[in-house]
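A.B. asks: A predicted structure for the sequence below; I have some questions about it.
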Amino acid sequence: MDADASPTAPTELRTPALPTLDAGAPPARAATPGGLPGPAAAPPGNALPLHIALSALAGLVVTIIWAVTGGGYYWPAWVWLGVAVPVAVHAIIRFGVSAPASARHGLALHGMVTGLIGAILLIVWGFTTDGLHDFWPLWPLLILGVAVAVHALVIYADRLPGTREREAQLQERVGELTRTRQGALDVQAAELRRIERDLHDGAQARLVALSLLLGRTEERLGDRPEEAELVRRARAEASAAIGELRDLARGIAPPVLADRGLAAAVEALGRRAATPVTVDAEALEVRPLPVVETAAYFVVAEALTNVAKHAAGAPAHVRLGEQDGRLLIEIADEGPGGAIAEGSGLIGLRHRVEALDGTLTVTSVKGSGTTIHAEFPCGR
Amino acid sequence: MRAVIVEDLALLREGIVALLREHDVDVVAQAEDAEGLLRIVAGHKPDLAVVDVRLPPSFTDEGLRAAIEARRRQPGLGILILSQYVEPVYTAELLESGEGGVGYLLKERIGEVRSFMDAVQRVAAGGTALDREVVSELVRRRTGNGNGSDALAALTPREREVLELMAEGRTNAAIARHMVVTPGAVEKHVTNIFGKLDLPATNDDHRRVLAVLTFLRAA
């Protein structure tokens, strides 16, 4: 049972064919004369055959004595039993240490021990009765059998037809959800960029044209100040609408990210940050999916905002790289540390990252700065 | 003044052309993509190129790249970039792209006809016209951290307003008109700003904008 019990020669211990012990078969069978006594200094692998041989020899000797003394009641049966039980126990122990501890190995041992006890009971009953009218081993056998059955049920519960089907269904469902979530995020990202493009070429452009026309009109109303004022106000409204659309578009994806990709956008963030920031952004070989790019961008932006807020003036270092199809981002500052990893800003980021099957870890020890590490599958 | 217009949306392009012509700007050619920009600049040798930052085919920043390339081929060419968003990185690239006037304005500023035409004249003459959004975003980012050691935080609101107007490329006289104060008062603010930011004073508008921006970017 204990995996450490057989560290020296596990293969050697596993090789000898072990006696099979069926619950109903008398263990005396194991003591059938099967081999000659081995050499005295037998290696551990030969201990069991030697044990069997010696036990068989003892049985034979008492049987001969019984025959010589005139037969009658076959009392050597008790001797056979007496030598067979230690042989069976020996075999079970050998089997027990032959493999690392596991649920199935444990069950097999349980079965063997139960079989041995059952066999002893049956044999003792067989030797001491002359009929079937009082089968007293029934109850102990039943209890032992039920224990083995329950044990087996616990271990093999997942093999029951219903469970396996259910597991397969769940697995299929997980696969399906993973696929559809990825699809939904891709579609959403593409959709958002399309909306941003449409705003730029559509509504924003028209409002700019409107603003231009209003400006020209205003100019021609130089001699009618009241009308000119109305037109000026109309133009101000158009400008406000343009401003709102611009903020909307910026929230979808900052222009420099859409234009030049993540490395350039992160460098721009570093230049614009309120604290001194060094950026080490290796150019990515393949551009990650827009949805990943945007999330990564906002992780860096939010982290740098936090640095400015909680570690004002502390130098920060941003690292961006790619490894085995995963995008790695690290933002480390030399601030006071001790950040609360579950702060509201970080939770929002974590959700954004986890929605993309990424991970976000925050290491912040008082006195040694804060490091935020995020990792995503690039998604291509 | 001879100008070329590069804008992919016909509606806007025609509007800008009409506006410039109304103000006696000689619009010698129009184009709708980056390649067209390089072609008409080479063909017409204009004083000024008014360029949309986002152009076909990829609709990213090729307007900016093409304008910088055009200036490399024709040093001294004035570039006025029109954009629907403020991107300080692009402003910096534009400012670093060599000799000649530069402007970076949000598109909706076209509607403020007088100041837009001022900007056009300034850039064509080799000056600078940066959108006040560009400047205020840079100032906000530099001071928004509440870091008391930041030199910009030492500016009074009035001085910060002057700094923003300076960075837009306005002269002291124009700032005085805008703020409705005397030119002498502006002069005093400017001296204070240079003092607080530890910048050497100069009469050259463009150079002082560059100095301010360099400080804002590099601090």
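C.D. replies: Yep, that arrived.

A.B. asks: what residues does residue 195 make contact with?
C.D. replies: Using chain A. The contact partners of A:Ile195, by Cβ atoms under 8 Å, 6 or more residues apart in numbering or on different chains, come to A:Ile252. (C-beta placed from N, C-alpha, C; glycine too.)

A.B. asks: um, chain B though
C.D. replies: Listed by Cβ under 8 Å, 6+ apart, the contact set of B:Gly195 is empty.

A.B. asks: can you dump the C-alpha coordinates of the host helix or strand of it into CSV?
C.D. replies: Secondary structure assignment for B:Gly195, by DSSP states H and E: helix B:183-197. Taking C-alpha atoms only, helix B:183-197 is exported to CSV below (Å, rounded to 0.1, in the frame of the first residue of the first chain):
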residue,chain,number,x,y,z
PRO,B,183,0.3,92.5,-24.1
GLY,B,184,2.4,93.5,-21.1
ALA,B,185,0.5,91.2,-18.8
VAL,B,186,1.0,88.3,-21.2
GLU,B,187,4.7,89.1,-21.4
LYS,B,188,4.9,88.9,-17.6
HIS,B,189,3.1,85.5,-17.6
VAL,B,190,5.4,84.1,-20.3
THR,B,191,8.4,85.2,-18.3
ASN,B,192,7.1,83.5,-15.2
ILE,B,193,6.3,80.3,-17.1
PHE,B,194,9.8,80.2,-18.6
GLY,B,195,11.2,80.8,-15.1
LYS,B,196,9.2,78.1,-13.5
LEU,B,197,9.9,75.6,-16.2
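
A.B. asks: and the helix ranked longest in chain A, how far out from the chain's middle?
C.D. replies: Longest helix of chain A, by residue count under DSSP state H: helix A:161-199. With Cα atoms, centre = their mean, to the nearest Å as the basis, helix A:161-199 stands 20 Å off its chain's centre.

A.B. asks: quick check: what element follows it along the chain?
C.D. replies: Per DSSP H and E, the first helix or strand lying C-terminal to helix A:161-199 is helix A:205-220.

A.B. asks: ok, that following helix near chain B or not?
C.D. replies: Yes: interface with chain B: helix A:205-220 contributes A:205-209, A:211-216, A:218-219 (Cβ under 8 Å from any Cβ of the partner chain).

A.B. asks: helices or strands next to that helix in the packing?
C.D. replies: Packing partners of helix A:205-220 (3 or more Cβ pairs under 8 Å, 6 or more residues apart in numbering or on different chains; DSSP states H and E): helix A:225-252, helix B:10-22, helix B:113-124.

A.B. asks: buried residues of it, list them for me.
C.D. replies: The neighbour-count check on helix A:205-220 (16 or more other Cβ atoms under 10 Å in any protein chain shown) flags A:205, A:207-219 as buried.

A.B. asks: so it versus helix A:161-199, what angle?
C.D. replies: 20 degrees (axes from the mean of the first three to the mean of the last three Cα atoms, to 10 degrees).

A.B. asks: rewinding a little: so which of the buried residues of helix A:205-220 sits lowest on pLDDT?
C.D. replies: Minimum pLDDT across those is recorded for A:Ala205, with 89.

A.B. asks: per-residue confidence for the nearest residue to that one once chain neighbours are set aside?
C.D. replies: In space, A:Ala205 comes closest to B:Leu9 once its chain neighbours are excluded; the distance is 5.0 Å by Cβ to Cβ, 6 or more residues apart in numbering or on different chains. pLDDT, B:Leu9: 90.

A.B. asks: for the one 5 residues further on, same thing?
C.D. replies: B:Glu14 carries a pLDDT score of 94 in this model.

A.B. asks: one more: A:Ala42?
C.D. replies: Per-residue confidence (pLDDT) for A:Ala42: 42.

A.B. asks: for B:Ala176, same thing?
C.D. replies: B:Ala176 is given a pLDDT of 92.

A.B. asks: output the contacting helices and strands for the one helix or strand it maps to.
C.D. replies: In this assignment (DSSP H and E), B:Ala176 forms part of helix B:172-179. Under the contact definition 3+ Cβ pairs under 8 Å, 6+ apart, helix B:172-179 sits against helix B:157-167, helix B:183-197.

A.B. asks: between the last one and helix B:157-167, how many degrees?
C.D. replies: When you say that, I think you mean helix B:183-197. Orientation of helix B:183-197 against helix B:157-167 (the same axes, to 10 degrees) gives an angle of 90 degrees.

A.B. asks: now do helix B:183-197 and helix B:172-179, the angle between them.
C.D. replies: 100 degrees.

A.B. asks: mind listing what's buried along helix B:183-197?
C.D. replies: Using 16+ other Cβ under 10 Å as the test for burial, helix B:183-197 gives B:Val186, B:His189, B:Val190, B:Asn192, B:Ile193, B:Phe194, B:Lys196, B:Leu197.

A.B. asks: mind checking the pLDDT average for it?
C.D. replies: So the average pLDDT for helix B:183-197 ends up being 82.

A.B. asks: that helix: how far from the chain's middle?
C.D. replies: With Cα atoms, centre = their mean, you get 22 Å for helix B:183-197.

A.B. asks: the shortest one now?
C.D. replies: Averaging C-alpha coordinates over helix B:157-167 and over its chain gives two centres that are 15 Å apart (Cα atoms, centre = their mean).

A.B. asks: so A:Gly96 is in which element?
C.D. replies: Applying DSSP H and E as the criterion places A:Gly96 in helix A:76-97.

A.B. asks: buried ones in that helix?
C.D. replies: Residues of helix A:76-97 classed as buried by neighbour count (16+ other Cβ under 10 Å): A:76-77, A:79-81, A:83-85, A:87-88, A:90-92, A:94-97.

A.B. asks: next one: stretch A:299-312
C.D. replies: A:299-308, A:310-312.

A.B. asks: which one of those is nearest to B:Glu161?
C.D. replies: Lowest distance from B:Glu161 to the buried residues of stretch A:299-312 (Cβ to Cβ) belongs to A:Ala308, with 23.7 Å.

A.B. asks: against A:Ala103, how distant is that closest one?
C.D. replies: 55 Å (Cβ to Cβ, to the nearest Å).

A.B. asks: again with A:Gly175
C.D. replies: From A:Gly175 to A:Ala103 the distance is 27 Å (Cβ to Cβ).

A.B. asks: can you list the buried residues in the longest helix of chain A?
C.D. replies: Under the neighbour-count criterion of 16+ other Cβ under 10 Å, helix A:161-199 has A:Gln182, A:Leu185, A:Ala189, A:Leu192, A:Arg193, A:Glu196, A:Leu199 buried.

A.B. asks: mind listing what the closest residue to the fifth one other than its chain neighbours touches?
C.D. replies: Right, A:Arg193. Once flanking residues are discounted, A:Arg193 sits nearest to A:Pro290: 6.1 Å by Cβ to Cβ, 6+ apart. By Cβ under 8 Å, 6+ apart, the residues touching A:Pro290 are A:Ala189, A:Ala190, A:Arg193, A:Ala253.

A.B. asks: hmm, 7 Å instead?
C.D. replies: A:Ala189, A:Ala190, A:Arg193 (Cβ atoms under 7 Å, 6 or more residues apart in numbering or on different chains).

A.B. asks: any idea which of the residues you listed is closest to chain B?
C.D. replies: Distance to chain B, by Cβ to the nearest Cβ, is smallest for A:Arg193 among the contacts of A:Pro290, at 10.5 Å.

A.B. asks: how far away is that closest one from A:Ile120?
C.D. replies: A:Arg193 sits 78 Å away from A:Ile120, going by Cβ to Cβ.

A.B. asks: same check on B:Ala3?
C.D. replies: 110 Å.

A.B. asks: looking at the two, which is more packed in?
C.D. replies: Neighbours were counted for B:Ala3 and for A:Ile120 using other Cβ atoms under 10 Å in any protein chain shown; B:Ala3 has more, 25 against 17.

A.B. asks: helix, strand, or coil at that one?
C.D. replies: strand (DSSP: H, G, I helix; E, B strand; the rest coil).

A.B. asks: residue ranges of each domain in the chain, please.
C.D. replies: Looking at chain A here, since you left the chain open. Domain ranges of chain A: A:3-155, A:175-252, A:260-377, per automatic domain parsing.

A.B. asks: please go with chain B instead
C.D. replies: If you go by automatic domain parsing, chain B breaks into B:2-130, B:134-218.

A.B. asks: no more questions from me, cheers.
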